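Participant: Here you go, sequence then predicted model.
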Amino acid sequence: MSEIRLIPADLTIDFELDKHKNERFFKEFTSITNNEEDQLGAWLKRAKARGETKESDQVLLTLLVELHRKFDELSATIRQESREFLKLNDNDKISGIGFEYFCIENDKFIKDEFYYARIAMPVFPKRTIAIYFKSIDEKTAHIVNMHLDDEESWNSYVTARERVMIRQLRE
């Protein structure tokens, strides 16, 4: 196996061992995409696919959708409704990331086991991504399943962290 290249990062991960392919994890995994989180996002995605947004300012449209999501969050808070994620057994800080791999700070994984996890991504729009991963050792993991939209966000974040690291090395 070739050497895994990881870039320093500071993310938080909640995870749990998934020995028996827990159906609760799979349900959350499939429901956690942005498309299913809000109907406005799904509507916008369909409108883009049909070409109905060609004449629109894409940045302005994205900001408008995010503003609508914030209003929805505030409304849910006022009504004391909030999206509840599954309680996962463990969490840690992610100290290094790559396009398909990540590393946590503490020895918490069991080698060669599969896990379900959620990671809060510091990207715009803010989102939580769900992943399945296989541990390589007690700290390092290989991502085996992630939604396509989440993969794009993850790869963009890895690239941005690489750029920051390169800038720091030049200084």
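Facilitator: Right, received. Where do you want to start?
Participant: Please make it C-alpha for all contacts and neighbour counts, starting now.
Facilitator: OK.
Participant: Can you tell me what sits against whichever helix in the chain runs longest?
Facilitator: Longest helix in the chain, counting residues (DSSP state H): helix 148-170. Contacts with helix 148-170, where a contact means Cα atoms under 8 Å, 6 or more residues apart in numbering, come from 7-9, 33, 97-99, 121, 123, 129.
Participant: so where's the chain shaky on pLDDT?
Facilitator: Counting by pLDDT under 70, the chain has low-confidence residues at 1-2, 33-38, 82.
Participant: list the contacts for the residue nearest the centre of the chain?
Facilitator: The chain has residue 129 as the residue nearest its centroid, 2.4 Å off, counting by Cα atoms, centre = their mean. Neighbour list for residue 129: 32-33, 118-121, 146, 150 [criterion: Cα under 8 Å, 6+ apart].
Participant: Which of the helices or strands spans residue 13?
Facilitator: Element membership for residue 13 (DSSP states H and E) is strand 7-17.
Participant: Show me what counts as buried in the helix or strand where residue 45 lies.
Facilitator: According to DSSP H and E, residue 45 maps onto helix 39-49. By neighbour count with 16 or more other Cα atoms under 10 Å, helix 39-49 contains the buried residues 40-41, 44.
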